[in-house]
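>>> Starting from these lines, generate the structure:
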Amino acid sequence: MITSEQAAQLFAPTGVLRASINLGNPVLARRDSPEAPPYGVSIDMARALAERLGVGIEFVVFDSASQSVDAVANDQADIGFFAIDSKRGESIAFTSSYLHIEGCYLVPEASPIRDNGDVDRAGIRVAVGRGSAYDLFLSRELKSAEIVRASNPQAVLPLFLDQRLEVAAGVRQQLQADMARHPGLRLLPERFMVIRQAMGLARRRGDAAHAYLGAFVEELKASGFVAQALERHGIQGASVAPAG
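Alright, predicted model coming up:
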């Protein structure tokens, strides 16, 4: 295993670690206004890595996962926080997961759709955030339903309501927040996927950097850091992933 000093040269040769932050998943990061700094579990983890490396920290903030992935893949950021997916894995080297989050379906209260098995049928339109983990997953899994893509996860509910779509897909916590603001909606009882959140970096950074980041994530899980971050930010419904 390389030292933290050697890792600093691989991750942040300018002395500043650039962390790609996705605001499209409120479990990971949020901010209270466009001018306010982001906060959340991924922010805490990025700060901890920068401290470990002995470098400064810069947050490169995006509204969607696809933008966040592109930033790391295209060297606009050094590390990021992503749902593990085989398509993204073509350019991103993932650690083992540090959080497990549920992907769920939202429907109108009066909808005849009662469980996940009712979704994949002809004539059913499913709103998703473009390039999100659940977009990638459902694009592979749904055979009969039509996927309708919003520009980012925050735009899913407006699209769902404006076009009177049958289903909205997303992270459970985001959909629950949407329900609180818009009465007359309900979640289907079971998740359709488990979203495995990991840290990642561009594959071209090399095996040594990947191994260092993986060991760092395992340490944060084992020490209780991730669990404490969830509690500190009041995150419900996400669980710390088991040891990788």
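>>> Ranking helices and strands of the protein by mean pLDDT, which lands last?
helix 172-181 (a mean of 90; mean pLDDT, DSSP states H and E).
>>> Domains in this structure, by residue range?
4-99+195-240, 101-193 (automatic domain parsing).
>>> For my notes, please list these in TSV and give mean neighbour count for each entry.
(Glycine included, C-beta is placed from N, CA and C.) Formatted as TSV, the domains of the chain follow (neighbours: other C-beta atoms under 10 Å):
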stretch	mean neighbour count
domain 4-99+195-240	19
domain 101-193	18
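>>> Now do the SS call for Cys104.
Secondary structure, DSSP: H, G, I helix; E, B strand; the rest coil: Cys104 is strand.
>>> check contacts around the closest residue to it other than its chain neighbours.
Setting aside the residues directly before and after it, Cys104 is nearest to Arg172 in space (C-beta to C-beta, 6 or more residues apart in numbering), at 4.6 Å. The contact partners of Arg172, taken as C-beta atoms under 8 Å, 6 or more residues apart in numbering, are 101-104, 187, 191, 237.
>>> try Tyr105
113, 116, 119, 126, 167-169, 187-188, 192 are the contacts of Tyr105 under C-beta under 8 Å, 6+ apart.
>>> could you redo the last one with a cut-off of 7 Å?
Contacts for Tyr105 (C-beta atoms under 7 Å, 6 or more residues apart in numbering) come out as 116, 119, 167, 169, 188, 192.
>>> So for it, what's the pLDDT?
At Tyr105, the model reports a pLDDT of 98.
>>> What does the residue nearest to it when sequence neighbours are not counted show for phi and psi?
Leaving aside its sequence neighbours, Tyr105 sits nearest to Leu188 (C-beta to C-beta, 6+ apart; 4.4 Å). When quoted as degrees, to the nearest 10, the phi and psi of Leu188 stand at phi -70, psi 150.
>>> Output the contacting helices and strands for the helix ranked longest in the chain.
In terms of residue count, the longest helix belonging to the chain (DSSP state H) is helix 207-223. Packed against helix 207-223 by the contact rule (3 or more C-beta pairs under 7 Å, 6 or more residues apart in numbering; DSSP states H and E) you find helix 4-11, helix 41-53, strand 193-202.
>>> swap the cut-off to 10 Å and go again
helix 4-11, helix 41-53, strand 79-83, strand 92-94, strand 193-202, helix 225-232, strand 239-240 (3 or more C-beta pairs under 10 Å, 6 or more residues apart in numbering; DSSP states H and E).
>>> roughly how far is the least confident helix or strand of the chain from the heart of the chain?
Distance of helix 172-181 from the chain centroid (C-alpha atoms, centre = their mean, to the nearest Å) equals 16 Å.
>>> between it and strand 193-202, how many degrees?
Here helix 172-181 points in a direction 120 degrees away from that of strand 193-202 (axes from the mean of the first three to the mean of the last three C-alpha atoms, to 10 degrees).
>>> Who are the packing partners of the following helix or strand past helix 172-181?
Proceeding N to C from helix 172-181, the next assigned helix or strand is strand 185-187, under DSSP states H and E. Using 3+ C-beta pairs under 10 Å, 6+ apart, the elements in contact with strand 185-187 are strand 99-108, helix 156-162, helix 172-181.
>>> out of the ones you listed, which comes closest to Tyr39?
helix 172-181 (15.3 Å; C-beta to C-beta).
>>> helix or strand for Val60, which one?
Val60 belongs to strand 56-62, assigned by DSSP H and E.
>>> model confidence over the following helix or strand past that strand, on average?
Per DSSP H and E, the first helix or strand lying C-terminal to strand 56-62 is helix 65-73. Helix 65-73 shows a mean pLDDT of 93.
>>> about what we covered before: turn the helices and strands packed on strand 185-187 into TSV, including distance to Arg18.
Shown next, in TSV, are those (distance: least, C-beta to C-beta, whole Å):
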stretch	distance to Arg18
strand 99-108	22
helix 156-162	28
helix 172-181	26
